[in-house]
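Asks: Need coordinates for the below:
(chains A and B)
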There are 2 protein chains.
Amino acid sequence: MAYATASFVVYGTNLDIKPASRRSPAGLAGRRPMVAVVRCVSTRMETGNLVVDQFDLKEYMAEKGRKVNEALDLAVPLRHPEVIHRSMRHSLLAGGKRVRPLLAIASCELVGGDEKAAMPVACASEMIHTMSLIHDDLPCMDNDDLRRGQPTNHVLFGEDTAILAGDALLSFAFEHVAVSTVGVAPERVLRSIVELGNCVGSEGLVAGQIVDISCEGKVVDKDVLEYIHIHKTARLLEGAAVCGAIVGGGDEEEVKRIRSYARCVGLLFQVVDDILDVTKTSEELGKTAGKDLASDKTTYPKLLGLDGAREFAQSLVRKAEGELAVFDAARAAPLYHLARYIAYRQN
Amino acid sequence: MAYATASFVVYGTNLDIKPASRRSPAGLAGRRPMVAVVRCVSTRMETGNLVVDQFDLKEYMAEKGRKVNEALDLAVPLRHPEVIHRSMRHSLLAGGKRVRPLLAIASCELVGGDEKAAMPVACASEMIHTMSLIHDDLPCMDNDDLRRGQPTNHVLFGEDTAILAGDALLSFAFEHVAVSTVGVAPERVLRSIVELGNCVGSEGLVAGQIVDISCEGKVVDKDVLEYIHIHKTARLLEGAAVCGAIVGGGDEEEVKRIRSYARCVGLLFQVVDDILDVTKTSEELGKTAGKDLASDKTTYPKLLGLDGAREFAQSLVRKAEGELAVFDAARAAPLYHLARYIAYRQN
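Replies: Numbers count the residues shown, from 1 in each chain, chains lettered A, B, ... in the order given. Now for the predicted structure:
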């Protein structure tokens, strides 16, 4: 968690994504951020609302993350047949920031629901995310051997077990929501299942992955790039938030605003990722920097220029914030700070 | 559809599974069926109930199968991104007897529900079945190039697309039930989603497949063999029937009986498959006969002897019939005849 020491700028100024001093990617040399960097060790920022300003996202994420991990651990216990459950648990409990569950819980609380109501959809969103990672890592897909410093599922358990572990996590996500969501009207539980299903299938993650595969090595335009990111990344973040709002009792207008907020945040995540790739060193990122530039991959800085990408990112943060404006400020604090965390992260 | 010309024996007598005349597998020579073969061209049999006796399973299966095919075609239309939908439709609409959807619809009608209420769970059971076939056919699993005379999904579309098509079908199954089941109490729709999820996951199809993989080349006992078949085959047949009964408005006792009926029928399917492998010629089966005997695969005739396997099959038919006895005979006719169709099939 790099948040507590992250750079950020105060509300309303430009996005601060500092170019790496030790590298000047071709075509991007000399492009400096439009505002000075404000380095600080606190997450607090001035909005004029004391509760929002004093909200500690790091603490919130740690507390909710711990509860989500406990719930996931309980939901998928080690039982017979052991090998498939070991395989499922290896990837499901491998860590990660639990951003999707966090969005589900925070959105549920935003509309007045409680954490308990949101926990099954929160866990389901993480099961689905884990399934997509396991299947995407397979040799016939991205062929990745490592994830979060651990051997990927198929490296440890074999491709057959990895595929089955993904299938089991995917189906269990729906079963878990249907069986474990308590104190919520069944109509709302059903709506959340429709939403989750739509996140995964041929209009969701799968659609994004298939278009991404078909565009490999090709230059794509902004519409196609956005289609891929919206489907591969933003859709499940959006789905998690929307499911949280649905089981929390949100009305149509609230659900619509939360959907728009989460879609912006999901796209923002990708735009910032692309910007960091060209503005940070490998050391700062903790992974190979500049690899998008070296490869054929289309990115926002390549399409829009670095300034253009920053302006796009900033418009997404503003839109996300705008969607939260109608809610109670104290309840909106986690989502408000989460958007900034994603925008201002340094790796 | 071989049913109209299938051999069967009248109600209450022994199962008629005729040993192949042209081959006498080692250890099984001279074991003849206990009753004479009755060859006939009609599906009718005497039960004393005119409606049941005059019921035409072939016609019923053709009519329901056509409606299921239409519903599946509508549920997964060819749309953007085209390649994933072509891949999904290739396997989903490749034919097959639609036994799972048939069980769902017949069980729904058995408890007084209508076909329309059952259609979404019927389609979902076929989507799940199709997903399991696509993933099982992959090179890292069973490595099959052909299914029903057609190239398998990964042969036509590549492994990556085949895995994604399976994932999309699996998630869409749940979404489809949640969004398309109309005129049914949402509590019942949720229960059917729990049932379907449980069919697939690490307590269902996936559990059966993983135990099957781990037992490859080993001799297993009857309990393990039954575990594999119950999970790999019977569980989804059971789930389809149970979901039909749930959305049809069945009470606990009715659902319990239909579950037991379908589990017997599912296991029966495997036992008969094993018996046919040693008693029929390749020509009669339309696939290689005797391959279980030549391989390390544990089968019921190997564990119990051919007579023992037949007795076991017969006990399963009797139990399945027993579960139907409490229902209205006319409504039970499709399930009653379906059990016989599976028991007395010749290939």
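
Asks: Read off the pLDDT value for the residue lying closest to A:V121 once chain neighbours are set aside.
Replies: Closest residue to A:V121 apart from its sequence neighbours, by CB to CB, 6 or more residues apart in numbering or on different chains: A:C243 at 3.9 Å. The way it works is simple: take the backbone N, C-alpha and C, and place the C-beta from them, glycine included. pLDDT for A:C243: 98.

Asks: a helix runs through A:C243, doesn't it?
Replies: Yes. Looking at A:C243 with DSSP: H, G, I helix; E, B strand; the rest coil, it is inside a helix.

Asks: Please report the number of neighbouring residues for it.
Replies: 34 (other CB atoms under 10 Å in any protein chain shown).

Asks: contacting residues for it?
Replies: A:104, A:118, A:121, A:124-125, A:177, A:192, A:195-196 (CB atoms under 8 Å, 6 or more residues apart in numbering or on different chains).

Asks: what does A:L110 give?
Replies: By CB under 8 Å, 6+ apart, the contact set of A:L110 is A:244-245, A:248, A:250, A:254, A:258, A:327-328, A:331-332, A:334-335.

Asks: what separates it from chain B, distance-wise?
Replies: 24 Å (CB to the nearest CB, to the nearest Å).

Asks: How about that residue, nearest residue that isn't a chain neighbour?
Replies: Excluding the flanking residues, the one nearest A:L110 by CB to CB, 6+ apart is A:R331, at 5.0 Å.

Asks: and that neighbour, what pLDDT?
Replies: 96.

Asks: same thing with the one 3 residues further on?
Replies: On pLDDT, A:P334 comes in at 97.

Asks: May I see the PyMOL selection of the buried members of the contacts of A:L110?
Replies: Command for PyMOL that selects the buried part of these, burial taken from 16 or more other CB atoms under 10 Å in any protein chain shown:
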select buried, chain A and resi 244+245+248+250+254+258+327+331+332+334+335
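
Asks: Helices - which of the contacts of A:L110 land there?
Replies: A:244-245, A:254, A:258, A:331-332, A:334-335 (DSSP state H).

Asks: Using PDB, write down the CA coordinates of the helix or strand containing A:S107.
Replies: For A:S107, the enclosing helix or strand under DSSP states H and E is helix A:99-110. The C-alpha trace of helix A:99-110 is given here as PDB (Å, rounded to 0.1, in the frame of the first residue of the first chain):
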ATOM      1  CA  VAL A  99     -10.600  -2.900  -4.800                       C
ATOM      2  CA  ARG A 100     -13.700  -4.600  -6.200                       C
ATOM      3  CA  PRO A 101     -15.000  -5.800  -2.800                       C
ATOM      4  CA  LEU A 102     -14.200  -2.400  -1.400                       C
ATOM      5  CA  LEU A 103     -16.300  -0.700  -4.100                       C
ATOM      6  CA  ALA A 104     -19.200  -3.100  -3.400                       C
ATOM      7  CA  ILE A 105     -19.100  -2.400   0.400                       C
ATOM      8  CA  ALA A 106     -18.500   1.400   0.100                       C
ATOM      9  CA  SER A 107     -21.300   1.700  -2.500                       C
ATOM     10  CA  CYS A 108     -23.700  -0.300  -0.300                       C
ATOM     11  CA  GLU A 109     -22.900   1.900   2.700                       C
ATOM     12  CA  LEU A 110     -23.200   5.000   0.500                       C
END
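
Asks: So for that helix, mean pLDDT?
Replies: In this model, helix A:99-110 carries a mean pLDDT of 98.

Asks: what's near enough to touch the closest residue to A:S107 other than its chain neighbours?
Replies: Nearest non-adjacent residue to A:S107, counting by CB to CB, 6+ apart: A:G244, 3.5 Å away. Neighbouring residues of A:G244 by CB under 8 Å, 6+ apart: A:103-108, A:110, A:113, A:118, A:121-122, A:258.

Asks: Can you tell me, leaving aside adjacent residues, what's nearest to A:C215?
Replies: Distances taken as CB to CB, 6+ apart put A:V224 closest to A:C215, at 6.4 Å, once the chain neighbours are dropped.

Asks: Return the set of buried residues in the helix or strand harbouring the one you found.
Replies: A:V224 is part of helix A:222-229 when elements are defined by DSSP H and E. Judged by neighbour count (16+ other CB under 10 Å), helix A:222-229 contains these buried residues: A:224-229.

Asks: Distance of the residue nearest to A:S107 relative to chain B?
Replies: From A:G244 across to chain B, the span is 17 Å (CB to the nearest CB).

Asks: quick one on the thing from earlier: does the residue nearest to A:C215 really touch A:G208, like I thought?
Replies: No. The pair A:V224 / A:G208 is not scored as a contact, 10.8 Å apart, by CB atoms under 8 Å.

Asks: which stretches of the stretch 1-150 of chain A form strands?
Replies: In the stretch 1-150 of chain A, strands defined by DSSP state E, counting those that start in this stretch lie at A:146-147, A:150-151, listed in chain order.

Asks: ok, residues contacting the first one?
Replies: This means strand A:146-147. Outside strand A:146-147, the residues that touch it by CB under 8 Å, 6+ apart are A:91, A:94, A:133, A:137, A:152.
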